[in-house]
Each structure stands twice: as C-alpha cells, then as structure tokens.
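Participant: predicted model, plus sequence, below.
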Amino acid sequence: MRWALVKVCLAVTAMVVIAFAVPLGLVIKEMARDRAFSDAERQAATIGPTLSITTDRAELETAVLTTEPGGEGRMAVHVPASEESDSRPVEIGTRRATRKDVETVRTSGRASISEVTGGSALLQPTALGSGGIAVVEVFVPEGEESNGVATAWLMLAGVGIALIVGSVAVADRLGVRMVKPAQRLAGAAHDLGEGRLGTRVREEGPTELRSAAVAFNSMADQVVQLLANERELAADLSHRLRTPLTVLRLNAASLGEGPAAEQTRAAVEQLEHEVDTIIRTAREQRPQTQGLNSGPGAGCDVSEVIRERMDFWSALAEDEGRKVRLAGVDRTVRIPVARPELVAALDALLGNVFRHTPEGTAFAVDVHHSGDAVIVLVSDAGGGIADPKAALARGGSGGGGVRASVGSTGLGLDIVRRVAESTGGDVRIGRSVLGGTEVRIWIWLDGRGPGQGGRRRRAGRPRRRLRSVVRS
C-alpha cells in the first residue's frame, strides 16, 4: 500500500511537471528568438538616418562599422541603383540572404526573416533620401536565437526533479502514517486470534484507522469481559457443587460398612474427582495473555478489581456466616497486570478460603501501596497451612486450612504466582494476624522487580518501606 501510494504520487507529479515544463520551455525558446530579432531590428534602425541623408559608400561603411553587428561583420546594406542620379547599386558588407529575398523586401516594403547558413537574416527596408528603398540585412546566429534557453531548461528540469522528489518524500511519509497503524492493527488482530488477550492498539493515524483501532480495542475488551464472566460462572458453579458434595461425603462416611455404603462412597469420590477435573481443565485451557503487562490497556486498577470480586464473594460469605474485612481499596492503584489475570488470581485465593476453612471462618483482603510496588494480602482465621514451602513448591491451592490437601486441584497458588512473577514480584505464605493463613502477593508497578535486573540496588528500600506498612 505504501509503495502503491508512492508510485501514484510519482506518476501524477511527473505528468504535472511535464504538462507545465514543456510548454513553458517552448515559450522561453520563442521569447529568446523574439528578443534576438528585436535587437537586430533596433541595430538595423540605427542606419536609417544615414541612408536618408547619403548613399556614399565611404560614409555608409563608416556608419555600418560603428554599429555592434557591423563591427562583427553581421550587417550588410543593399542600396539599389538610381535612374535619376544615374548611380550604381551599392553593396556594403557580406550578403547572406538571396537576391530574390532582398528584392522581395524592397518591393513589398515589409521586413522579413530569411533562413541562411548558420542562422537567420533580418531584412529591414529603409527609405532613402532620393525616394528609393534600401534593405539593411542583419545576420542573427543560431546561438543568439537560443541564448539563455539551455539555462532555462536546466532550471525547469531542476525544479521538476525537486517537485518529484518532494512529492515522493511526502507520499512516503503519508504512506508510513497510513500503513504503520494498519500493520499494527493487523498484528494486534493476529495476536488476539492466537489468544493474547492483553493486546491493544494505539488509537492513532488517519480517522478511519483510529476508528478501526477504537473498535478493535472495544472488541478485545468485550472478549476479555466475556471470558471473565465465564470464569466467574465456573467459579460459582464449582462452589455450588462442592457444598453438596461435602455433605454427601460426610453422610457417606456415616453409612457404616457394606457394599451399598462402599459404592456410595466410591461414587462420591468419583464425583469429586470429576469436578476437580472440570475445574483443572477450565483453568488450563483459558486463553493465555502473552505478556500480562504488555500493550496499551493491559493494566487494571487493583482496588476496583478487588472491590468487584469481594462484592461477588460477599453473598456466599454472608450465607456461611463469615466476617469479611476489606482495607486499602479506597484509592486508584493501577498495576501492570491484565484484569482477567488478576480476577483469576483473586478467585483462586478466595475460593480456597471458602473451600478449605470451616463455615463461619473470618477472612480479610488488604492492599498496601508504595511508590514502586503493591502488596495484596489475603488472610483468614482458619487452621493455617502446615508446610507453606511445600505448598508453594508444588503450586498447591491450600488457601488457608488444615484440609488444604483434600480435593485440591493444585492450580490456585500457581495462578497467583504467575501473576506476581509476570511483574517481577513473588508470592509468600505465612501466619496471618487472624490466626490462619496469609498469602502475600508482591506486584511491582514497573514490571522490573529485583529478580528481573536493572533495579537490584533500589529494590531494598521500597521492600523495607512496604514491610513497615504491612506491620502497621
């Protein structure tokens, strides 16, 4: 597209230059010829006063030599014979025109131009004092007729080339301005088609491409929102299924011994395994967003997302009699993590709290912000995790309870770790102030934490400052 625009501009400019330069060059050539013959007429007219007074050869020769063309041997005077004075014809200078042309001018009394060897001859009739007609001949060389034409043609050619080069440069810049946004839009569409949902397009370029970029970004946001809604639905359904499954497992345990009891317990166990498989498959097959913090619009407001997810989980918390505390979400804090990824991480942690702690167990979500990083704390008042290092090593989901190893899909903390590590941060598990488990998500705002280089020396100061904020 870019080169097509350049070719079109080149062709149009070349045609315009030719259309104007060629006629202008011909006009300049004609003007130079007219100027040469006008000068010749003026030189021929200087002999007129002398011819009106005398036809003496010596005096005429002197008058001819005083003129510029006469001194250069380019002027001739043809005086006819006079019957009244019985004088002979006088020929002064070198005649280049034919006698027939000279006689024709003398007879007609009108000036004319004759083509001669090496140029042209101006034949100018001049009245004599005796009443006859003399003819003054001025030779104009070919160089005089085209004097300055070559220079004018070179200037026109230079101007034409400059116009063509300038138009090509402008067309190339316009092409780049049009093509690059189109290429970015095509590349973003390709990336989105491959599942990189964090891809967005800068809204720049011509009006049409800006509109296309706005439409593309809106479409990508809708796709992300639809996937987030599906993830919320899957999380909700999983918890709805696990509650009756837990009751069934407890009831099956009290059935005692016997084939029917064993079959019931086996069926409940198989059903729990199938539910875990469904959840694991849904998590593993979610579209990947290559580079969570890449592309305009890929980040999100952590406070807004946490408030939204807490509104979602608060209904279930109310049903189970859990006390909920939310702090640090009263200000806007943007982080370089895509909204769907943060939602998935929060859902994994909060889901583990509901799954692995008894009903009525309180939990809290706190957000602490410093200049370089954001810490999200999810804590509960459950029994805690016996071996936090092992839970992190295996990527388990034990979100905070003594039953963390029962029915776990092993994906919760792995989801959270990927979100934190995408910014250079990390995940830590410890004992919360509520008495149970505390999962600490460390998110660096510039995506270059101490583990990714470039900020190794500065990492200590913000980390110590955030620790003091968390302790308070």
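Facilitator: Sure thing, it's come through. Residues are numbered from 1 along each chain as shown.
Participant: could you pull out the helices for this structure?
Facilitator: Assigned by DSSP state H, the helices in the chain fall at 2-45, 48-53, 57-65, 68-71, 99-108, 142-145, 149-193, 207-253, 259-284, 302-319, 339-356, 388-394, 412-421, 460-471.
Participant: burial-wise, tell me which of these comes out on top.
Facilitator: Mean neighbours per residue, mean count of other C-beta atoms under 10 Å, is largest over those for helix 339-356, with a mean of 25. To be clear about C-beta, it is placed using only N, CA and C from the backbone, and glycine gets the same treatment.
Participant: now that one against helix 412-421, angle please.
Facilitator: 150 degrees (axes from the mean of the first three to the mean of the last three C-alpha atoms, to 10 degrees).
Participant: that older thread, nearest to Val378, of the helices of the chain?
Facilitator: Val378 sits nearest to helix 339-356 of all the helices of the chain, at 4.4 Å, using C-beta to C-beta.
Participant: convert the closest one to PDB, retaining C-alpha atoms only.
Facilitator: The C-alpha trace of helix 339-356 is given here as PDB (Å, rounded to 0.1, in the frame of the first residue of the first chain):
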ATOM      1  CA  ARG A 339      -7.700  -7.600  34.500                       C
ATOM      2  CA  PRO A 340      -8.700 -11.200  33.700                       C
ATOM      3  CA  GLU A 341      -5.400 -12.500  35.200                       C
ATOM      4  CA  LEU A 342      -5.900 -10.600  38.500                       C
ATOM      5  CA  VAL A 343      -9.500 -11.700  38.700                       C
ATOM      6  CA  ALA A 344      -8.400 -15.400  38.300                       C
ATOM      7  CA  ALA A 345      -5.800 -15.000  41.000                       C
ATOM      8  CA  LEU A 346      -8.200 -13.400  43.500                       C
ATOM      9  CA  ASP A 347     -10.900 -16.000  42.700                       C
ATOM     10  CA  ALA A 348      -8.300 -18.800  43.300                       C
ATOM     11  CA  LEU A 349      -7.300 -17.400  46.700                       C
ATOM     12  CA  LEU A 350     -10.800 -16.500  47.900                       C
ATOM     13  CA  GLY A 351     -12.200 -19.800  46.600                       C
ATOM     14  CA  ASN A 352      -9.500 -21.700  48.600                       C
ATOM     15  CA  VAL A 353     -10.600 -19.800  51.700                       C
ATOM     16  CA  PHE A 354     -14.200 -21.000  51.300                       C
ATOM     17  CA  ARG A 355     -13.200 -24.500  50.300                       C
ATOM     18  CA  HIS A 356     -10.500 -25.200  52.900                       C
END
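Participant: packing partners for it?
Facilitator: helix 207-253, helix 302-319, strand 363-369, strand 373-380, helix 412-421 (3 or more C-beta pairs under 8 Å, 6 or more residues apart in numbering; DSSP states H and E).
Participant: how close does Gly119 get to Glu145?
Facilitator: 7 Å (C-beta to C-beta, to the nearest Å).
Participant: neighbours of Arg331, just the number please.
Facilitator: The tally of other residues near Arg331 (other C-beta atoms under 10 Å) stands at 9.
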